[in-house]
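**Q** A structural model of the following input is requested.
(2 chains)
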Amino acid sequence: MESTARDFNSNVDHALADPNLQDSLSKLKVGFSERRRQAAERLPEFEALRDRARDIKNHALANLDFYLEEFERKVLALGGHVHWAPTAADARRIIGELCQSMGARTVAKSKSMVAEEIALNEHLEAIGIAPIETDLGEYIIQLRHEPPSHIIAPAVHLTKDQVADTFLEHHAKLGFTRRLTERNDLVAEARHVLRQKFLDADVGLTGANFLVAETGSSMLITNEGNADLSNTLPRMHIVLASIEKVIPTLEDAAVLLRVLARSATGQESSAYTTLNTGPKRPGDLDGPEHYHVVILDNGRSAVLGTEMQEILRCIRCGACMNHCPVYGAIGGHAYGWVYPGPLGAVLTPQLIGVEEAGNLPNASTFCGRCESVCPVRIPLPKLMRHWREREFERHLTPVAVRQGLALWSFVARRPRLYRGLTALANRVLALFGRADGRYRALPLAGGWTRYRDLPAPPAGGTFHAQWKKKGPT
Amino acid sequence: MRPILTAAILVAVSRSPSPTARPRRVALFVTCLVDLFRPSIGFAAVKLLEEAGCTVEVPPLQVCCGQPAYNSGDRATTRAIAAQVIGAFEGYDAVVAPSGSCGGMLSHHYPGLFDDDPAMKVRAETLAGRSYELMAFLVDVLGVEKVAARYDGAVTYHDSCSGLRELGVKDQPRRLLRTVQGLTVREMKTPEVCCGFGGTFCVKYPEISNAMVGEKSADIAESGAETLLAGDLGCLMNMAGKLQRQGSPVRVRHVAEVLADMGNLPPIGEPG
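**A** The predicted structure is shown next:
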C-alpha cells in the first residue's frame, strides 16, 4: 500500500473536518471500550491470562527459528507447501505465480492485513487476476477503492448511509436498484452478491491469526464465516502470514484466543474459529486440493533482539486503537499506511522507515491507555519513545523542536539561571495577564492559544521566590 | 456561582497510626508548572503534608524532572537533568510531587535512564523507591483519612493519565474529597480519557489536542459540576484554557488546593 504517513498533518486536518468520519468515530470510541471492559470483568482470570499470553509470545519470539522450522516440517508432512518471503515483493511474486499455476481468474480473499501490507490486490490486478474481498468491511472499502481504517473493522470510518450509497452505485448493474436503509438488508445484499463469487473463485486466500508449530495448522478467527468459504470452496488455499504469527502449541492458541476476542470486540470468542491443517485428505468431503503457506518477513526479523522486539508480540486485536484518544479523534486513514493507532505508531516506522512515518510515534500524549488494555502487555508508549530517541539521534526531529529543546535544556541544567528567568517570566505573565487572568493570544505560544486560553500566574512571584521569602519554617 | 469559602475548620487532620512514629522529612518536588504558573498548589501540598505530620523541605536546586527532553527523544539531556534531580533530592525520607506526571517520571522512568551506569542506577532506584504523587502519599503512605476543608458545590475529577496508569491514583483523591464539607463529586462519563495535554504534544499537534480537549470539555459540562479538579497542573491548564475559550462557567482548581482549604483562591485562569 502506498504510504501517506509523511502527510500526517494534512491527513489529520482532513480527518477532523470530515463529519461522516467524526460521526463514526464517536460511536466506535464508546462501543469497543465498553464491551472490552465488560468482557474483562466477566472473566476473573483475565489479567492472569494476559500475563500468560505475553509469556507465550515472548517464548515463541525467543525461539522463532525453531518454531518456524517445526511449523514448516509439519505442513510438508501434511502434504502442503511453505514459501519463505523475505520481502513484500517476494510474497507478491510467490502468490501471483501460485495463482497463475491454477490459471486463476479470481481469488476469494478473506481479510488479511498482511495482504494489505504487501499491496497484494494491486499486484493481482496487474497480472490480470481479480481479487474478491469477502469480509463485508473489506468488500465495502474495495468497492470504494479505500484502504482499511482499522485492523479488525476495516470500514469503521463509514456511516451506514455511505455504505448504502456505495452498494447502490455498484450493485445496480446486478439488478439491485433499490437504495437500502436497514443494516440487515445491506448485509443480505452483499451476501447475495458475494456468494456466486465464492463459487467461481479458483483460489482462496486467507491470513492467519496464529500458525501452530505443533500441528502445522493455521488458525483464523472471523465473525462472518467468509474465511471458511474462502478456504474450502476453491481448489487452492493460500495462507499468507508473517513470521511472528507462529506459536508452539494448540494449548497456547487456546490461551491467546481467550484474550484476543475479548480485547478486540468484547466477545468471549469470535463466531468462527477455523483451523486449516494441510490440503484435503483422501476421504475428506471438501477442502482445497492444494495448500500453500506464504510466510513473510518484510523487516520483522531485524526487530528481533532490539529494544523494539516487544511489538512482535502483537496479536492484532485492535484494542490499542479502540482505546486511543488520538485514533478516536482522527481515525485510521490519517496514519497513512496499513496499521493505524498505537500499533501503527510503533510498527509503521519499522516497516516503511522512520523518515516516512516519523510523525506517528510523536503524535501521542503517552496517556498509556493502549498499554493498559493490550492483551499481550506491549509497552506501546515506551516503544514510541524509542522511536523518538532514534529520530533525535538521527537529527530527524524538526529543527524548531530541536532548537527549543536545546535552549530549554541549557537553562534547565543551570538552576540559578533558571530561577532568575522563571522569576522574570512569572512577573511579566502575571503583570500583563492581571486584568483577565489569562491570555487569548501570546507571542510564541500560538500552538497553545489557537484553541485555548493560557492561564496567567497570579501576582506574587514563583513558588520558589515565595518560599525563599517565607524563610525556613 | 462562585463556591463560597468558609473559614477553615481547625481540626487536626486525623490519621491512622503512622508507619513511623517520627514526622517524616519530606522533600517537595514543586514541578516547573506549579513554580511558574500556580504557586498556591505547592503551598497547598506543603500544608497537607505538614498537617499529616511531615516536615517539608524544598531543595533549592530543583528545576524540572526532564520530561520535555525525555519525551522528545533527547536522552542525553534527560540523563543530565535526572542526575541533577537525583543529587538535589538525596537523603530525604520521601520525595513528593503534586503531579502524577512528574512523580511518575521520578518513580518509574529514572532508573531506566542509567542502565549502563550501575552507580547512578542505584541512586536513581533509591530515589524512585521514595518518590510519590501527593494524593497517593497522603492516603497510601501516611494513612490520611480526612481533611479539614470546606468547599461548597459539585466537583468533577479528571484522572490524569500518568497518575492513574503509572501510579494507580484513582480512589485516593476521591476518598479525601468526600471528607470536604459541602462538596459533592459528580463523575464524568469518561474521567480516565486523556485531556489532550501530553506536554509538548499539545503544541506540536494542536489540532488533535484541541479535538481531545473539546471532547473532554463536553464531558465536563455534561457532568453538571461547577468545578473541575485534577492532580496535574498541565492537564488543568489545558482544560481550563479550553473551557474559558468556550465561555464555560466551570471553575478549575488543583485537587490539593481544595483539600488544603484553599478553595477561596481565584480559579486557574481567573483574575485575582
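
**Q** Does the nearest residue to residue B:256 once chain neighbours are set aside belong to a helix, a strand or coil?
**A** Nearest residue to residue B:256, sequence neighbours excluded (C-beta to C-beta, 6 or more residues apart in numbering or on different chains): residue B:44, at 4.1 Å. No exception for glycine: its C-beta is placed from N, CA and C like everyone else's. When classified by DSSP: H, G, I helix; E, B strand; the rest coil, residue B:44 comes out as helix.

**Q** what's the neighbour count on residue B:44?
**A** Applying other C-beta atoms under 10 Å in any protein chain shown, we find 27 residues neighbouring residue B:44.

**Q** Roughly how far does the closest residue to residue A:345 other than its chain neighbours sit from chain B?
**A** Once flanking residues are discounted, residue A:345 sits nearest to residue A:360: 4.2 Å by C-beta to C-beta, 6+ apart. Distance, residue A:360 to chain B, using C-beta to the nearest C-beta, to the nearest Å: 11 Å.

**Q** residues touching residue A:360, list them.
**A** With contacts defined as C-beta atoms under 8 Å, 6 or more residues apart in numbering or on different chains, the neighbours of residue A:360 are A:5, A:8, A:335, A:336, A:344, A:345, A:348, A:349, A:387.

**Q** Could you rerun that using 7 Å?
**A** Residue A:360 sits next to A:5, A:8, A:335, A:344, A:345, A:348, A:349 when contact means C-beta atoms under 7 Å, 6 or more residues apart in numbering or on different chains.

**Q** what about residue B:272, how many neighbours?
**A** Close neighbours of residue B:272, defined as other C-beta under 10 Å, add up to 11.

**Q** I misspoke; the intended subject was residue A:256.
**A** Neighbours of residue A:256 (other C-beta under 10 Å): 21.

**Q** Next up, identify which helix or strand it is on.
**A** helix A:250-264 (DSSP states H and E).

**Q** Kindly report the same for residue B:154.
**A** strand B:150-157.

**Q** Next secondary structure element downstream of that strand?
**A** Using DSSP H and E, the first helix or strand after strand B:150-157 is helix B:161.

**Q** right, is that following helix up against chain A?
**A** Yes: using C-beta under 7 Å from any C-beta of the partner chain, helix B:161 reaches chain A at residue B:161.

**Q** Show me what the helix or strand that that helix is followed by is in contact with.
**A** Scanning forward in sequence from helix B:161 by DSSP H and E, the next helix or strand is helix B:167. If you take C-beta under 7 Å, 6+ apart as the criterion, helix B:167 is touched by B:100, B:103, B:104, B:133, B:136.

**Q** what mean pLDDT does the helix or strand harbouring the last one have?
**A** With the criterion set as DSSP H and E, the secondary-structure element containing residue B:136 is helix B:134-136. Mean per-residue pLDDT for helix B:134-136: 98.

**Q** now swap in stretch A:75-92 and tell me
**A** Stretch A:75-92 comes out at a mean pLDDT of 98.

**Q** ditto for stretch B:191-208
**A** pLDDT averaged over stretch B:191-208 gives 96.

**Q** what's the first-to-last distance across it?
**A** Stretch B:191-208 has an end-to-end distance of 19 Å (C-alpha to C-alpha, to the nearest Å).

**Q** follow-up on the earlier one: export the contacts of helix B:167 to a markdown table and append columns for neighbour count and distance to residue A:15.
**A** A markdown table is the format used below for the contacts of helix B:167 (neighbours: other C-beta atoms under 10 Å in any protein chain shown; distance: C-beta to C-beta, whole Å):
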| residue | neighbour count | distance to residue A:15 |
| --- | --- | --- |
| B:100 | 29 | 30 |
| B:103 | 30 | 34 |
| B:104 | 26 | 30 |
| B:133 | 31 | 34 |
| B:136 | 23 | 37 |
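
**Q** tell me the two of the residues you listed that are most distant?
**A** Greatest spatial distance among the contacts of helix B:167 (C-beta to C-beta): B:104 and B:136, at 10.4 Å.

**Q** Please settle this for me: is residue A:218 part of a strand?
**A** Yes: assessed by three-state DSSP, residue A:218 belongs to a strand.

**Q** For residue A:366, see how far away it is.
**A** Counting by C-beta to C-beta, to the nearest Å, the gap from residue A:218 to residue A:366 is 36 Å.

**Q** coming back round to it: show me what contacts the residue nearest to residue B:256?
**A** B:254, B:256, B:257, B:260, B:262.

**Q** Could you do residue A:91 as well?
**A** Contacts of residue A:91 (C-beta under 7 Å, 6+ apart): A:85, A:118, A:240, A:294, A:296.

**Q** ok, then the element right after the host helix or strand of residue A:39?
**A** If you go by DSSP H and E, residue A:39 is part of helix A:19-42. Once the chain leaves helix A:19-42, the next helix or strand it forms, by DSSP H and E, is helix A:46-62.

**Q** Can you give me the domain assignment for the chain?
**A** Going with chain A. Chain A is divided into the following domains under automatic domain parsing: A:46-296, A:412-470.

**Q** that's the other chain; I wanted chain B
**A** B:25-140, B:145-259.

**Q** Can you list the buried residues in stretch B:227-247?
**A** Using 16 or more other C-beta atoms under 10 Å in any protein chain shown as the test for burial, stretch B:227-247 gives B:227-246.

**Q** quick one: it to chain centroid distance?
**A** 13 Å (C-alpha atoms, centre = their mean, to the nearest Å).

**Q** contacting residues around the helix or strand where residue A:231 lies?
**A** Assessed by DSSP H and E, residue A:231 sits inside helix A:226-232. Helix A:226-232 is contacted by residues A:108-110, A:134-135, A:198, A:204-206, A:220, A:237, A:272, A:274, A:276, A:286-288 when judged by C-beta under 7 Å, 6+ apart.

**Q** let's see 6 Å
**A** Here helix A:226-232 makes contact (C-beta atoms under 6 Å, 6 or more residues apart in numbering or on different chains) with A:108, A:110, A:134-135, A:198, A:204, A:206, A:220, A:237, A:274, A:276, A:286-287.

**Q** Tell me the strands beside the following helix or strand past it, with direction?
**A** Of the helices and strands lying after helix A:226-232 in sequence (DSSP H and E), the nearest is strand A:236-242. In the sheet, strand A:236-242 lines up against strand A:203-206 (parallel), strand A:290-296 (parallel) (DSSP bridges).

**Q** Could you dump those into CSV with distance to residue B:168 added?
**A** Shown next, in CSV, are these (distance: least, C-beta to C-beta, whole Å):
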stretch, distance to residue B:168
strand A:203-206, 42
strand A:290-296, 40
